[in-house]
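# sequence and predicted structure are below.
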Amino acid sequence: MYVALAWFADRRLPEGAIRAARERFDASVAGVVPDSYVRHDFGGEDWGITFLTTAGPGHYKWPLVATEGPVTALSLGLPVGVTTTGPVALARDLLGGADIHRDVTPPFALIALDGDRRVVIQQDWLGMARLFTGTADGITAFCSRPSLLATFLYGKVEPDLEGWRSYAVSAFFGADLSPVRGTRLLQPGQRVTARHRDTGGWELGSETRYTVDDIVMAGFAGQGRPVEESLDLAAESFRSTAASIRGLYDGPIGLGLSGGKDSRLIASSLIATGHMPKFHTNDDTAVEGETALRLMQILRDERGLQPEHRLTKTGLPANVLAAGLVERTEKLLQRYDFQFPSSYTIRPAVDTRLPEELTAVNFSGVGGELATGYWYPKVEGRSPEDEVLGRLTSAVPKNGVAPEVIDAERARVTALFDHARGLGLNDLHLVDYGYLVERVRRWYSSAYFIGSVTPFLSPGFVAATFGVTARQKSEFLLHTSLIKRFVPEWADVPFVTAFTGASTATRIWDGDGIKAISDLVDTAQGPIAQLINRDQVVKTLATVVQTDKSPENILRQFTYLAVASTMLEPGTVTEPTGTTYARVTAPPKIPRPRRSPENSTPVPRYKKTWLWKAARRVLKPALQRVRS
């Protein structure tokens, strides 16, 4: 893995200010990277670049840091799909003005240095590579971790509530939003060019180069053409992605094989291009493992192959519950700088530091939903805007957040669709566009791992998904057609959906979950934690205590935000009282039994009749006179 920081001052600044910023960064980064990481420093009095990487390349043939003469290439990821002779050649092309990211499969970003006079930074066309930017006191900086960027620029890390509002309802930070105030993710296709002035200081310029819009509209222009053209483009993209790995990596390839469509298509493309991955299957849901075993047996019986295949239970309670819920969540937030799906709170605890060594290349199914109409409306008459808004706010149930949080997302969706319609997109293709530029860009975890290859995001395949009709996507045309081309023996095995069969994975309330979430309700009082409706959280906890059943999403979201609040807003944390835990675990009140008609005396029954009421009106005054 790596940590990257690049900064440029617009003038000569006092040495003390620069020294203090560097010292803050160094102190913070020491808690992120292992001692074994190699540090590369470039710069002068008014600029600097620090790049920290793992000590050994392992099986990787693409060095993240490479220098020849005055040119240095710093790679944030692998340039899968790009034809080049090496990192420095790619950096020279970038310095020469080429769109080196046109053919790349995200995530990937490149920083190219031309001596000490010019630096060019290129984000990938989807904007998926994690490189954030901010400006303060004449310094513009770029960093792979927003907290480190804020520490360097401002000397403090504070939450960006706009970003956390987005996360509260969607479980990711939308568009270029960040968890940390004063930082923003680089935009799709963004290129930043820094030039050193002879008089000191740097002049920075930014432009949008080849971007996601270009790819989408190139594919959409194919509407009405023979479908075989889109299928050929998609197939060639998968083959090219698999083939390009040979120039970047020479070790074993990992692939998570489920019973679903995406991993089966990836597996078939790798086998068709001469790769035999090491398969692993998460069988927390039994039918996933059963289907994967069937696919392996077909390879043995029909092709005489002997694939390596391992079954694991990723969410096995014995592994997950070795650490408490709050500890697991804190480590997740520290490791990924607040930017990971809350669903991972039910996975085993992670190390808070980046890994010592690079892991094996692993192919991922990120983006496969673009070819299946995954977000298409299930209710007739529902508009694309309403559907995307519903999907982007589905991390919590209705009334799970304040109305203004939903309103903020609605405004973002409206602006997004206005832009897409301005490009020429229409109908359900608008939904695919929203899915691509929002969820795919920010929710998936591929951006946090070197060697996570995403073939569904190869530019050709993305274009192909916009070249076929919405109905063809809903019928899984791309998946079924390509699997028949690559490994036809697998074509007739039914796909497993994410909702098929019961799961043995840990629930968020298992172990100390109920107590931990209850205590967070009492103690996490900061603005981040307040984004989730606590009454809904408490009601859900009470349901869990009584039935051991409930949707988990609001509990995961609240836990994630509440723990983030304790870390980013420590002054708002109060002492635990146990009040909520006592409330949700209290035995339900037993209602007083209603008197049955058989056990009722005559008078109470008669009191309900019109005759009794009429008699009472007449007799009551007379009785009062007698008593007086």
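Thanks, I have it.
# now for the longest helix seen in the chain, which elements pack on it?
In the chain, taking DSSP state H as the definition, the longest helix is helix 403-423. Counting contacts by 3 or more Cβ pairs under 8 Å, 6 or more residues apart in numbering; DSSP states H and E, the secondary-structure elements packed against helix 403-423 are helix 161-170, helix 212-220, helix 384-392, helix 429-434. Heads up, the C-betas are built off the backbone N, CA and C, glycines and all.
# the very next helix or strand once past the longest one packs against which elements?
Think helix 161-170. For helix 161-170, the following helix or strand on the C-terminal side (DSSP states H and E) is strand 184-185. For strand 184-185, the contact count by 3+ Cβ pairs under 8 Å, 6+ apart identifies strand 132-136 as packing neighbours.
# how about the strand it packs on: buried residues?
Applying a neighbour-count criterion of 16 or more other Cβ atoms under 10 Å, the buried positions in strand 132-136 are 132, 133, 134, 135.
# which among those residues gets closest to residue 442?
If you rank the buried residues of strand 132-136 by distance to residue 442 using Cβ to Cβ, residue 132 comes first, at 12.4 Å.
# and that closest one, what does it touch?
For residue 132, the residues meeting the contact criterion (Cβ atoms under 8 Å, 6 or more residues apart in numbering) are 142, 143, 144, 145, 146, 149, 178, 183, 184, 185, 186.
# if you set the cut-off to 7 Å instead, what comes out?
Residue 132 sits next to 142, 143, 146, 149, 178, 183, 184, 185 when contact means Cβ atoms under 7 Å, 6 or more residues apart in numbering.
# in this structure, where is pLDDT below threshold?
Residues of the chain that meet the criterion pLDDT under 70 lie in 498-501, 592-628.
# now the contacts of residue 132 in a markdown table, with distance to residue 327 and neighbour count?
Compiled in a markdown table, the contacts of residue 132 are given as follows (distance: Cβ to Cβ, whole Å; neighbours: other Cβ atoms under 10 Å):
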| residue | distance to residue 327 | neighbour count |
| --- | --- | --- |
| 142 | 32 | 24 |
| 143 | 27 | 27 |
| 146 | 23 | 27 |
| 149 | 26 | 28 |
| 178 | 25 | 26 |
| 183 | 27 | 27 |
| 184 | 31 | 18 |
| 185 | 28 | 25 |
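# output those in a markdown table, with distance to residue 366 appended to each entry.
As requested, those are arranged in a markdown table below (distance: Cβ to Cβ, whole Å):
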| residue | distance to residue 366 |
| --- | --- |
| 142 | 24 |
| 143 | 24 |
| 146 | 21 |
| 149 | 25 |
| 178 | 21 |
| 183 | 24 |
| 184 | 22 |
| 185 | 17 |
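# distance-wise, check residue 368 relative to residue 75.
Going from residue 368 to residue 75 by Cβ to Cβ, to the nearest Å gives 26 Å.
# then residue 128?
Relative to residue 75, residue 128 is positioned 14 Å away (criterion: Cβ to Cβ).
# over to residue 312?
Computed as Cβ to Cβ, the residue 312 to residue 75 distance reads 31 Å.
# pick out whichever of these two has more residues nearby.
residue 75 (25 against 14; other Cβ atoms under 10 Å).
# give me the contact list for the helix or strand where that one lies.
Taking DSSP H and E as the criterion, the element that holds residue 75 is strand 71-76. In this structure, residues lying in contact with strand 71-76 by Cβ under 7 Å, 6+ apart are 2, 4, 42, 51, 62, 64-66, 87-88, 90-92, 95, 108-114, 129, 131, 144.
# for stretch 13-28, same thing?
By Cβ under 7 Å, 6+ apart, the residues outside stretch 13-28 that reach it are 5, 46, 138, 148, 151, 152, 155.
# the residue nearest to residue 302 when sequence neighbours are not counted - how many residues pack around it?
With Cβ to Cβ, 6 or more residues apart in numbering as the measure, residue 489 is the residue that lies nearest to residue 302, at 4.6 Å, once sequence neighbours are left out. Counted with other Cβ under 10 Å, the neighbours of residue 489 add up to 15.
# sorry, back to before: parallel or antiparallel, which strands does the strand holding residue 75 pair with?
In the sheet containing strand 71-76, the strands it pairs with under DSSP bridges are strand 65-68 (antiparallel), strand 109-114 (antiparallel).
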